[in-house]
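Colleague: model this:
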Amino acid sequence: MTHASLFLKILSTSFFDSNAPCIGKDAPHSEGKMSTKKSALNRSKSFGAISERSQTFTYLNFNHPTRMAARSLRNPLFLLLFCTIIFAAEGYTSQTIFKREGRFQNQRHTLRDSYSMAGKIATEYIVSEDVVVGGETEEVGIKMPEIKKSIHEEFNSLTLTTFNLLAPCYKRIRKESLNSDQQKLKNKQFPNSLPEMNVPRESEFSPLWKSRVKNTLDFIEKDLATSDIICLQEYWFEPVYQKLFHERFGSDFEFLTKKRPGEKTDGLAILVRKDSLKHMGSQGIPLSSMGDRVGLLSHLKYGRKAQHSLLLANCHLTFPHNQLDQKLQLNQIKSITYQMELFASQENVPLDTPRIIVGDFNVEDSDQVCDHLRSIGYKSAFRSFHSPQKHVVTHKNHKGEQLMVDHIWICNPQKKDIKNLSIHDNFAERPELSVRDASLFPKGIDDSVWNSNFSISDHRPVQVKLGLSLKES
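Modeller: Predicted coordinates:
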């Protein structure tokens, strides 16, 4: 049907049938395909509000003089004049409209879905329009950009590495590897020592430890320097040793350190990449009165504007020589988790701040030490990514045992895990850590056995890549 004949049909129907539907502001509501302007306006007011059902409306739009002509049924001259004008006009079509921001547009909109996000209303619309192509009428769908409920918004990723360096003061040197001058020096220093006690240490021979620390720095720079955080155990507090580390990495990383008490010359270090994380505060903590073991806590911030907090603990637990040491280990890890919560309160971080505990635990993840961490909501980052049955070796100890004792544990506090939760604590969007990758270094060698070619330490570094995001509770 042509546009002019459509107009005449409507107009003539209105002229001869007083009960026919009207077009205009006084027209009654129609349940058919044609609805009134009043109905269209009422329905258009629902735009931007939550709607449970789809609402589609169609309105035959004629300009204002045409509506006046349709209502001027008692004036034949006026009618004849407008018929002439309409027959001369081409391309006039039945169009669908809806009102948005007080204007009518030539489209039909279906309000399909509504979502609520952080107190705001986001609505998805599907827009369709009748298009005439070669005399045929086709309906073309145009999908507007969706605004979906943000349940997992990525902010950043974090690469974290833990590595026991094997401090020169603990590295045993085989006598046959010493030259004659070094042998004489050793015998002169400890002339009356027992044979089993007279085991030389690398720290006694400057050329030896300087050569190994150079190899260690080269390895870190080549394989590990892309890390955002590097947690080190058995970091030696000898001035020249520290200077070599600072000269190599001081421009890119901020150094946080904690020395063991007494005569112990090693301790812990956390290297924080300056351009990806902001250091807010740190604290060294004693773990027990026996063993001279310490922990190092740090409050870091991440995100585009460094607006999200992260709590990190680096530790090195006692070696389990006997049952007393095993009990000591359990007390040490409980001390870490307890003092981390005190530190969190001191730093005034949100209750839902993610926690990470890393280091050389001197136990495998089946031990009671790790059971304690699991009982309070921590999970092994490495085991989360790999099969729990995967046999992995990160350390060959002085007894020749090949074990996985270097771990990274993460915790995303949940509402149910936090005691004394205040009604003012907002968990609408909580930060969350997810494990994207986990691996041992150097790569390309068998993880199930100790590789004797790796000679810079008796531990292999463990590295994980973590996703940092906000997730709705």
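Colleague: residue ranges for the helices of the stretch 151-300 of the chain, please.
Modeller: 180-189, 206-219, 239-249 (DSSP state H, counting those that start in this stretch).
Colleague: In the chain, where's the longest helix?
Modeller: Ranked by residue count and defined by DSSP state H, the top helix of the chain is helix 323-347.
Colleague: could you point out which element follows it?
Modeller: Next helix or strand after helix 323-347 toward the C-terminus (DSSP states H and E): strand 355-360.
Colleague: Can I get the very next helix or strand once past that following strand in CSV? Just the C-alpha atoms.
Modeller: Of the helices and strands lying after strand 355-360 in sequence (DSSP H and E), the nearest is helix 368-375. Presented in CSV, the C-alpha positions along helix 368-375 are these (Å, rounded to 0.1, in the frame of the first residue of the first chain):
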residue,chain,number,x,y,z
GLN,A,368,50.6,-29.2,60.2
VAL,A,369,52.1,-25.7,59.5
CYS,A,370,50.3,-25.6,56.2
ASP,A,371,47.1,-27.1,57.7
HIS,A,372,47.0,-24.1,60.0
LEU,A,373,47.0,-21.8,57.0
ARG,A,374,44.3,-23.7,55.2
SER,A,375,42.1,-23.7,58.4
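Colleague: Out of the helices of the stretch 151-300 of the chain, which gets nearest to residue 356?
Modeller: helix 239-249 (20.5 Å; Cβ to Cβ). Every residue, glycine included, has its C-beta placed from N, CA and C.
Colleague: quick one: buried residues of that closest one?
Modeller: Residues 241, 244, 245, 248, 249 are the ones in helix 239-249 that count as buried (16 or more other Cβ atoms under 10 Å).
Colleague: Next, the contact list for the residue nearest to residue 307 when sequence neighbours are not counted, please.
Modeller: Closest residue to residue 307 apart from its sequence neighbours, by Cβ to Cβ, 6 or more residues apart in numbering: residue 301 at 6.9 Å. Listed by Cβ atoms under 8 Å, 6 or more residues apart in numbering, the contact set of residue 301 reads 277, 278, 280, 307, 308, 309, 310.
Colleague: Check residue 259 too.
Modeller: Shown in contact with residue 259 (Cβ under 8 Å, 6+ apart): 237, 265, 266, 267, 294.
Colleague: Which pair of these spans the longest distance?
Modeller: The span of those, defined through Cβ to Cβ, is set by 265 and 294 at 13.0 Å.
Colleague: So for these two, which residue has more residues nearby?
Modeller: The residue with more neighbours, out of residue 265 and residue 294, is residue 294; 21 against 16, by other Cβ atoms under 10 Å.
Colleague: bridging residues for that one?
Modeller: residue 286 (DSSP bridges).
Colleague: Could you tell me how far it is located from residue 288?
Modeller: 10 Å (Cβ to Cβ, to the nearest Å).
Colleague: on that earlier part again, mind giving me the PyMOL command for buried ones among the contacts of residue 301?
Modeller: Of those, the buried ones can be selected in PyMOL as follows, counting by 16+ other Cβ under 10 Å:
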select buried, resi 277+278+308+309+310
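Colleague: Identify the farthest-apart pair in the contacts of residue 301.
Modeller: The widest separation within those (Cβ to Cβ) is 12.4 Å, between 277 and 307.
Colleague: if we can go back for a sec, from the contacts of residue 301, which ones fall inside strands?
Modeller: Those of these mapping onto strands are 278, 280, 308, 309, 310, per DSSP state E.
Colleague: which of those lies closest to residue 319?
Modeller: Checking those against residue 319 by Cβ to Cβ gives residue 310 as the nearest, at 29.3 Å.
Colleague: so the closest one touches residue 347, yeah?
Modeller: No. Assessed by Cβ atoms under 8 Å, residue 310 is found out of contact with residue 347, at 10.9 Å.
Colleague: Report the set of residues contacting both of those two.
Modeller: In contact with both residue 310 and residue 347: residue 299, using Cβ under 8 Å, 6+ apart.
Colleague: What average pLDDT does stretch 461-468 get?
Modeller: For stretch 461-468, the mean per-residue pLDDT is 95.
Colleague: ditto for stretch 363-375
Modeller: On average, stretch 363-375 scores 97.
Colleague: May I see the buried residues of that stretch?
Modeller: Quick answer for stretch 363-375 (16+ other Cβ under 10 Å): 363, 365, 367, 369, 370, 372, 373.
Colleague: any idea how far residue 359 is from the fourth one?
Modeller: Residue 369 is 11 Å from residue 359, where distance means Cβ to Cβ.
Colleague: Give the residues shared as contacts by the two.
Modeller: Shared contacts of residue 369 and residue 359 (Cβ under 8 Å, 6+ apart): residue 317.
Colleague: Quick check: bridge partners of the closest residue to residue 379 other than its chain neighbours?
Modeller: Once flanking residues are discounted, residue 379 sits nearest to residue 410: 6.2 Å by Cβ to Cβ, 6+ apart. Beta-bridge partners for residue 410, by DSSP bridges, are residue 356, residue 379.
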